[in-house]
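K.L.:
Quick check, what structure comes out for this input:
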Amino acid sequence: SGAALELNPQTGHLQCALGTLWYVFGASGVYQSIYWLRSALAVDKACWLAYVGLGDIEKEHRRNYANALAMYTMAENIMKRDSGIYASMGVCYRELGQYDQALVHLQKALALDANPEVLASLGSVLLLQKYYQESIVVYSKVLSLDSGNIEAHNNMGNAYKEMGKAHEAITSYSHCLAHL
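P.N.:
Below you'll find the predicted structure:
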């Protein structure tokens, strides 16, 4: 039971697991998730996964990117060199309009794990900075790993459109629609 977990100081990892489990339920489990993740940190301040979980809630449910960054920074201070933490920090910096910091963190994430989701985030930062050709190169890499990535097709079309390349933009948008 929850009361037994609260009484046993050796259960920080179990509380963190409960927080993560509740998070899977989405909006209906957010408050339970917060409770258990904070409980885990009360028992074990070095529970980096609890900080990541709280950061994810701030980022994805509350859209409070500054608070999310604070949580991810705490996790990074404990768990050095984690691609997921760097990627999440990059997304937060992007949403805050701090594109240079977003690029730094996304590149750190990619150095550890070049997955399509992180590459797509990098492409979006390049697109926002109006580095259209560079974003197209990145989105091409995304599509070489995940040919059905709708975001990559759409944003590649946006980059081509901004460059005045209507035919290429239409082709990218068509691929995007084909994967809906």
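K.L.:
What average pLDDT does stretch 115-124 get?
P.N.:
Mean pLDDT, computed over stretch 115-124, is 97.
K.L.:
ok, now stretch 78-96?
P.N.:
96.
K.L.:
Provide the contact partners of it at residue level.
P.N.:
Contact partners of stretch 78-96, identified using Cβ atoms under 8 Å, 6 or more residues apart in numbering, comprise 46, 48, 51-52, 55-56, 59, 63, 65-66, 68-69, 72-73, 75-76, 99, 101-106, 108-110, 112-113, 115, 117-118, 121-122, 124-125, 128. Quick note: C-beta positions are derived from backbone N, CA and C, even for glycine.
K.L.:
Quick one, which of those are buried?
P.N.:
Buried residues within those, counting neighbours by 16 or more other Cβ atoms under 10 Å: 48, 51-52, 55-56, 59, 65, 68-69, 72, 75-76, 99, 101-103, 105-106, 108-110, 115, 117-118, 121-122, 124-125.
K.L.:
Show the subsequent helix or strand relative to the lowest-mean-pLDDT helix or strand in the chain.
P.N.:
The helix or strand of the chain with the lowest confidence, counting by mean pLDDT, DSSP states H and E, is helix 2-7 at a mean of 48. Remark: after helix 2-7, the chain's next helix or strand is helix 12-24, criterion DSSP states H and E.
K.L.:
and that following helix, how far out from the chain's middle?
P.N.:
The chain centroid and the centroid of helix 12-24 are separated by 19 Å, computed with Cα atoms, centre = their mean, to the nearest Å.
K.L.:
after it comes which helix or strand?
P.N.:
The first helix or strand that comes after helix 12-24 along the chain, using DSSP H and E, is helix 30-43.
K.L.:
chain center to that following helix: distance?
P.N.:
What separates the centre of helix 30-43 from the centre of its chain is 20 Å, taken as Cα atoms, centre = their mean.
K.L.:
What is it packed up against?
P.N.:
Counting contacts by 3 or more Cβ pairs under 8 Å, 6 or more residues apart in numbering; DSSP states H and E, helix 30-43 is packed against helix 12-24, helix 48-60.
K.L.:
By mean pLDDT, show me the worst of those.
P.N.:
Taking each of the helices and strands packed on helix 30-43 in turn, the one with the lowest mean pLDDT is helix 12-24, at a mean of 77.
K.L.:
buried set for that one?
P.N.:
Taking 16+ other Cβ under 10 Å as the neighbour-count basis, helix 12-24 is seen to contain the buried residues 12, 15-20, 22-23.
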